[in-house]
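1. turn this into a structure:
(4 chains)
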Amino acid sequence: MRRILAIVKKEFKQMRRQKQTLLLLFVVPVVQLLIFGYVLTTDVKNIDLGIKDSDKTVFSRHLIDKISNSGYFKIKYVDTTPRGVEELLKKRKVDAVLIIPEGFMRKVLRREGSQAQLIVNAMDSNIASIVTGYIMRIFENFGAGILKGSAPAKVKMIYTAWFNPELKSVYFMVPGLAGLIITIICTLLIGFSIVREKETSTLEQLSITPIKPHELLIGKMIPYALGGFLSITLALMVGKLWFHVPMRGSYLLLFGASFLYILTALSIGILIATFSTSLLQVLFLSWFSLLFAIMLSGLLIPIRNMPKFIQFLSNLTPLKFYIKMLREIFLKGGGLNLMLMDIAILSLFAVVFVLISSLLFRKRLTA
Amino acid sequence: MRKSKAFLKKEFLHLIRDPKSLFLISLLPVIMLLFYGYVVRMDVKNIKFGVVNYDHSQFFEGLVSDMEASSYFTREGEFPSLKDCEKWIVKGKVDACLIIPSNGYKKLLTGKDTEVLLVLDGSDSNLATTVANYFHAFLAKFNSKHMPRGPEFRFSVVNFFNPELKSSHFFVPGLAAIFLMMICAMLTSITIVKEKEIGSLKLLRLAPVSPFQVIVVKLLPYLFLAVVEASLIIAVAELWFRVPFRGSLLSLGVSIFIYMFAGLSFGVFLSTIASSQAIAMILSLVLTILPSVLLSGFIFPIKSMPVLLQALTYIIPARYFLIIIRGIMLMGVGFKEIYRELVFLMVFAIFFFVISTFRLKREL
Amino acid sequence: MIGPTGFIEVRDITKEYDGIIALKDVSLTLKEGKITGVIGPDGAGKTTLLEIITGLRLPDSGEVLIAGKKWTEDSGSLKRNLGFVPQDFSLYSDLTVEENLFFFGQIYGQKDGTLREKIEKLLDIANLKKARKRQAGKLSGGMKQKLMVLSCLIHEPSVLVLDEPTRGVDPISRTELWELIRFIKEQGTTVILSTSNMEEVSRMDEVVFLAEGRVLVQIEVQNLSELFPFKIAEIKTDRVEDLIEKVEKLKNIKATHVVGRRVRAYFPREYEKKVVEELSQIVKGWYPVSPTAEDVFVYLTGGFIGE
Amino acid sequence: MNEYVVEVKNLVKKFGDVTAVNNISFSVMKGEIFGIIGANGAGKTTTIRMLCGILPPTSGIVRVSGFKIPRESHKVKSKIGYMSQKFSLYEDLTALENLELFAALYGVNNRDFHSEIERLNQFLEFKPFLNSLVSSLPLGWKQRIALSCALLHRPELIFLDEPTSGVDPVSRRSFWKIIRKLSGAGQTIIVTTHYMEEAEYCDRLTIMHEGRILALDSPDSLKTSLEKESMEEVFVSLVGGSLEEV
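-> Predicted coordinates for the structure are as follows:
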């Protein structure tokens, strides 16, 4: 116990003296969250919409006002034929063009079956479908307004989004990013600290003292686990206070899950360090494992869209389960009963990684 | 010239002597391309939905089975009430729940609209938005098929350049921008810093060769490697993912070359500030690869970012290259439309090339 | 071309790094065709001095003249006539012995034909012929060190500078390295090298003692003992501690030093007679020894005053 | 006086196909300064690591302070001190913080720690530097702090791995003076080095080459028996005979 405490004290002193560690612990979570919170959004805004209004009636102008007021579009009046649109799109003057034909409104009211045309740059399929969706909704509302009783009955949709009625992507991103930040901090910091001790051969010096490998590991993990808790708290505070992400679940559950995940992330860091002899290798391996985690954890990209094999692979990244839990706790206010399975999986990960890393660490220490 | 040849030979020997790395460097991007080409998909399939049908008419049964038939939606179950479905939504077992009101069909028959309610799981906002859009589009089609035609306020959609709305067409060329940056900036900075670390750069400085020569010759093998890489990536994009290629190979070749030059120059620049390979790697991660992924418009639309971050994107080469490569491959643009981007990349490349030659001369 | 004298002049050089003085008012004149050693512990400023001489670093003040030429004026021809083995230099480990030598020859613009001959000769001298096809990374420590020296000799410099060439090298490789260095000197090349190993002084023509960025002394090796004002008596004993106690009580003994089971007693020359008398009262046999380079260095850095 | 602190019999260590230590035997007496001399890769470090109990031997018998290695390695650890050539201290901690750390690891309690600091300070005179960061200390002082860390728990046996490389001669002389005092007080010292000047300071030494022991005796006897002037010549004649550059 005394020996563990001695290592803990030492690590804290070193953390205090190493500016880059402090930077990683305090500044990185906040900055990362602020930048990523804004960047990592697939919300589409400021779409450059070219409008060719050949109708030039009060109605068409009213329709354009509606579009312009929706907040998604920047309207540019263009004078073009459908054929000329391609040129506009190529030059990136506009993202889409809405062509309202001559006599459009008149023909619609007389049931002569005229329609407007929306030409979208569909290079980015995601943006294309979102733009189409926006315009469609505006048209429907507008049509309902002017056609009133004269239109045939149809099935209409209203929707409500639970947990996030405004569908803000920041609500979705912040808990995920918090998970990512913990991964970066816990894995990298402990990996660096162990390899630094290898490089300066203080690790060898320690191995000659009566300290046992598990004592050394526990002593090393405690400070970085606390650092992990600190930075996740910081990240979540930014999420709550700056981005106003709601916190609906229990803090106890949140920290319990975080504890399990931090343990796993630290073990992965230790594992990486036992395989590396230089900072460069640690960096390379952690970057690789991080990339894997980012891509397959569902942080950014929905797992369901991936091929079955890759979906199966995604179960190998603990981050997936942690992020899932964070999102459920934050947004859905999910309780323990909802995530028993996830907790079990995360615990399994924690136990397996702690065991493997400590075994390998012990082996490397005495060979 | 003789000296340059000696250099070149040495650099190639380095590459050959380390077949493992060479293999990794040249094949990894292709493997990753295949991998991420499938992983990075923003279009959603298999939306899982539950149904609460209070209406029970054949008409709405038809609506549900039409939904299932559309390949976008998968029905997970029917529930007697929303309350029964709630748990499924909270657990994430369904993405949405469709609620059809009682007497919905009767209402339609009397000429009135029927509103169905779609309850979405908003915790994944991206998914929810997409689901709402898809459902909307589905309804529009459904209405025009099954309901009597009347006065309609409609528009038709033309999806230019990507009529099937395949997201791989958008992402696969984008990945080229990132991999090329990775090879050019990261590898060159690491290899130059390595010479710093083993001390041989001091000898090179003492030898009667100019820093300009040192840089150019150190870059050539990686330029070569990057060209191979670029061809492989384009080939995979064309043959495997069937990304259309509408522009000219020449303009793409020239653009890739200029982009690689920009990446290499920046890599050399990084090597003049980094003191160890680890630092070179961190710098190239933070200063080239992360911005290339996040701030270039690779996945996340620049237009939706706050103004300050948008301003930042203007100094990121990948931003320009994405415009170029997507423009050439998907839109078939020529030099006329992309010359401004090319000029920027040139300026960027020359700026850092000059600075690093200067720094290398002074510092080493 | 470096002129016929080939000497190196270092004038009033001062160099600071972030407010820490690495060199302070260093002035030296180094003779052509000699082996000059820069001796001092780690941190004395040896590397900085050598890098300034080779033009890799610019001094804050002062200047270096090689054969009357300054680095700032004629770096091209100076570069061609200088060879430098940096302390941190460790070859391209993935290239073979030959490839390394070829590369360094070629960047000095040498033609392949003559280069091949030269490499042949150098490999022969350094006894590395059998290892020519081996990758440098797979050589033993001593062989690597020799190869490093060779790669800086390939363009036949008239001045060769080596920064701690014998650091971490075992005695056999060290002997071989010194044979190589001696051979280089016999070709008329001026050699400047640094070391923290005082034992190597005897192999040099001239030494410069450096401590804390200052030159303590520059002197020809054969005159070294003239600097030392003490005489040394060495006594063999099995009971070191008892003997020291006795010897240190003697009034004229300035210092003692123990090497294994031998006690060395230092006393001023002028008291030789008295000391001889006193010593013969407490010990049976002793004999005079001459001072080592380490003795001189310790004396110059004030190590005897404290004792 | 003829009490053996270290006994090694037929010790072998193989790493895969490579035999790093090839059937060596020696004993070290209490209070002795015992040297292990050899080139890089001669097997010095491997031997030391086995003696410290951090590397299990392939075969052979090792006894340190009466304990069998590797079975009783954990008991040995508190009996030995170790100082390596790199002075493996934490550069970003102060000298005192380093000392405190190692005291805690060796289970030295607080009161003993302070009296021990006083005792060590008497001959190592490190007090003025206790609160400086190790990274800011000159090499000679790092060496003293590293030695103090190895001595805090009053080990019976001290391993010094190339203890004076790069250190200035004045520091080196006072360092060896301290080592002599320790040995005089009954502590046993094992030194590895490839510096021949350090070889001369040993009571007895063994010359290792390619995992084998080529000679084992006092420096003076080695010189007399081989009729050589210096240890360097002794080494060259012993090792050189078996060495052919490839």
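
2. can you tell if stretch C:124-137 touches chain B?
-> Yes - counting by C-beta under 8 Å from any C-beta of the partner chain, chain B has neighbours in stretch C:124-137: C:Gln135. The C-beta positions use only the backbone N, C-alpha and C, and glycine is treated the same way.

3. so what's the gap between that stretch and the chain middle?
-> A distance of 25 Å separates the C-alpha centroid of stretch C:124-137 from that of its chain, computed with C-alpha atoms, centre = their mean, to the nearest Å.

4. is any part of it close to chain A?
-> No - judged by C-beta under 8 Å from any C-beta, stretch C:124-137 makes no contact with chain A; its nearest approach is 15.1 Å.

5. please, where are all the strands along chain D?
-> For chain D, applying DSSP state E gives strands covering D:4-15, D:18-29, D:33-37, D:59-64, D:67-69, D:80-83, D:157-161, D:188-193, D:204-209, D:212-217.

6. looking at these, spot the one closest to chain C.
-> Proximity to chain C (C-beta to the nearest C-beta) singles out strand D:33-37 among the strands of chain D, at 8.3 Å.

7. and the contacts of stretch A:15-35?
-> A:14, A:174, A:177-178, A:181, A:184-185, A:188-189, A:223, A:227, A:230-232, A:234-235, A:238-239, A:242, B:294, B:309, D:92-93, D:133 (C-beta atoms under 8 Å, 6 or more residues apart in numbering or on different chains).

8. picking that back up, with mean neighbour count added, can I get the strands of chain D in a markdown table?
-> Converted to a markdown table, the strands of chain D look like this (neighbours: other C-beta atoms under 10 Å in any protein chain shown):
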| stretch | mean neighbour count |
| --- | --- |
| strand D:4-15 | 18 |
| strand D:18-29 | 17 |
| strand D:33-37 | 27 |
| strand D:59-64 | 18 |
| strand D:67-69 | 18 |
| strand D:80-83 | 26 |
| strand D:157-161 | 23 |
| strand D:188-193 | 25 |
| strand D:204-209 | 23 |
| strand D:212-217 | 18 |
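
9. before we move on, back to that, and the contacts of stretch A:15-35, which of them are in helices?
-> Among those, the members falling in helices are A:14, A:174, A:177-178, A:181, A:184-185, A:188-189, A:223, A:227, A:230-232, A:234-235, A:238-239, B:294, B:309 (criterion: DSSP state H).

10. sorry, back to before: emit the ChimeraX select command for whichever of the contacts of stretch A:15-35 are buried.
-> In ChimeraX, this line selects whichever of the contacts of stretch A:15-35 come out buried by 16 or more other C-beta atoms under 10 Å in any protein chain shown:
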select /A:14,174,177,178,181,184,185,188,189,223,227,231,232,234,235,238,239 /B:294,309 /D:92,93,133
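
11. residue numbers of chain D in contact with chain B?
-> By the criterion of C-beta under 8 Å from any C-beta, no position of chain D is found lying close to chain B.

12. shouldn't C:Glu193 be within a strand?
-> Rather than Glu, residue C:193 is Leu. Yes - using DSSP: H, G, I helix; E, B strand; the rest coil, the assignment for C:Leu193 is a strand.

13. count the residues that sit near it.
-> 26 (other C-beta atoms under 10 Å in any protein chain shown).

14. now do the one 3 residues further on
-> C:Ser196 has 23 neighbours, counted by other C-beta under 10 Å.

15. sorry, back to before: pick out the shakiest of the strands of chain D, pLDDT-wise.
-> Within the strands of chain D, the stretch with the lowest mean pLDDT is strand D:67-69, showing a mean of 88.

16. which residues does it contact?
-> Contacting residues not belonging to strand D:67-69 are listed as D:50-51, D:53, D:57, D:61-63, D:73, D:75-76, D:79 [C-beta under 8 Å, 6+ apart].

17. follow-up on the earlier one: out of the ones in helices among the contacts of stretch A:15-35, who's near chain D?
-> Filtering these for neighbours of chain D using C-beta under 8 Å from any C-beta leaves A:Gln14.

18. rewinding a little: got JSON lines for the contacts of strand D:67-69, with distance to chain A too?
-> Rendered in JSON lines, the data for the contacts of strand D:67-69 read as follows (distance: C-beta to the nearest C-beta, whole Å):
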{"residue": "D:Met50", "distance to chain A": "11"}
{"residue": "D:Leu51", "distance to chain A": "10"}
{"residue": "D:Gly53", "distance to chain A": "8"}
{"residue": "D:Pro57", "distance to chain A": "12"}
{"residue": "D:Ile61", "distance to chain A": "19"}
{"residue": "D:Val62", "distance to chain A": "15"}
{"residue": "D:Arg63", "distance to chain A": "18"}
{"residue": "D:Ser73", "distance to chain A": "9"}
{"residue": "D:Lys75", "distance to chain A": "9"}
{"residue": "D:Val76", "distance to chain A": "9"}
{"residue": "D:Lys79", "distance to chain A": "10"}
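
19. between the residues you listed, which is closest to C:Lys249?
-> Distances from C:Lys249 to these, taken as C-beta to C-beta, are shortest for D:Lys79 (36.8 Å).

20. any figure for the gap between that closest one and chain B?
-> 38 Å (C-beta to the nearest C-beta, to the nearest Å).

21. close enough to count as contact, that residue and D:Gly66?
-> No - contact between D:Lys79 and D:Gly66 fails when scored by C-beta atoms under 8 Å: they sit 9.1 Å apart.

22. more neighbours, those two?
-> In terms of neighbours (other C-beta under 10 Å), D:Lys79 is the more surrounded of D:Lys79 and D:Gly66; the figures are 17 against 14.

23. so what's the backbone phi/psi at the more buried one?
-> Backbone torsions for D:Lys79, taken as degrees, to the nearest 10, come to phi -90, psi -10.

24. what's it in contact with, if anything?
-> Remark: with contacts taken as C-beta under 8 Å, 6+ apart, D:Lys79 is in contact with D:64-65, D:67, D:155-157.

25. part of a helix, is C:Asp94?
-> No - assessed by three-state DSSP, C:Asp94 does not belong to a helix; its assignment is coil.

26. and the closest residue to it other than its chain neighbours, how close does it get to C:Leu28?
-> Setting aside the residues directly before and after it, C:Asp94 is nearest to B:Arg17 in space (C-beta to C-beta, 6 or more residues apart in numbering or on different chains), at 3.9 Å. Plainly put, B:Arg17 is 42 Å away from C:Leu28 if you go by C-beta to C-beta, to the nearest Å.

27. ok, now how distant is C:Leu150 from A:Lys66?
-> When C-beta to C-beta is applied, the distance between C:Leu150 and A:Lys66 equals 82 Å.

28. and D:Ser136, by the same measure?
-> The spacing between D:Ser136 and A:Lys66, counted by C-beta to C-beta, is 70 Å.

29. in chain D, which residue sits closest to chain A?
-> Counting by C-beta to the nearest C-beta, chain D gets nearest to chain A through D:Ala104 (3.3 Å).

30. A:Phe284 reaches B:Ala280, doesn't it?
-> No - with contacts counted by C-beta under 8 Å, A:Phe284 stays clear of B:Ala280, the gap being 11.7 Å.

31. the more surrounded of those two?
-> When A:Phe284 and B:Ala280 are compared for neighbours, B:Ala280 comes out ahead with 29 against 17, by other C-beta under 10 Å.

32. so where is the stretch 101-250 of chain A shaky, pLDDT-wise?
-> When the per-residue scores of the stretch 101-250 of chain A are filtered using pLDDT under 70, the ranges that remain are A:148-152.

33. element containing the residue of the stretch 51-200 of chain C found nearest chain B, please.
-> In the stretch 51-200 of chain C, the residue found nearest to chain B is C:Gln106; the distance is 3.1 Å by C-beta to the nearest C-beta. Taking DSSP states H and E as the criterion, the element that holds C:Gln106 is helix C:97-107.

34. what does that helix contact?
-> By C-beta under 8 Å, 6+ apart, the residues outside helix C:97-107 that reach it are B:2-3, B:5-7, B:9-10, B:13, B:203-204, B:207-209, C:91-92, C:95, C:112, C:115, C:118-119, C:122-123, C:128, C:131-134, C:136, C:139, C:147, C:150-152, C:154-155.

35. mind listing which of those are in helices?
-> The helices in this structure, assigned by DSSP H, contain B:2-3, B:5-7, B:9-10, B:13, B:203-204, C:112, C:115, C:118-119, C:122-123, C:147, C:150-151 from those.
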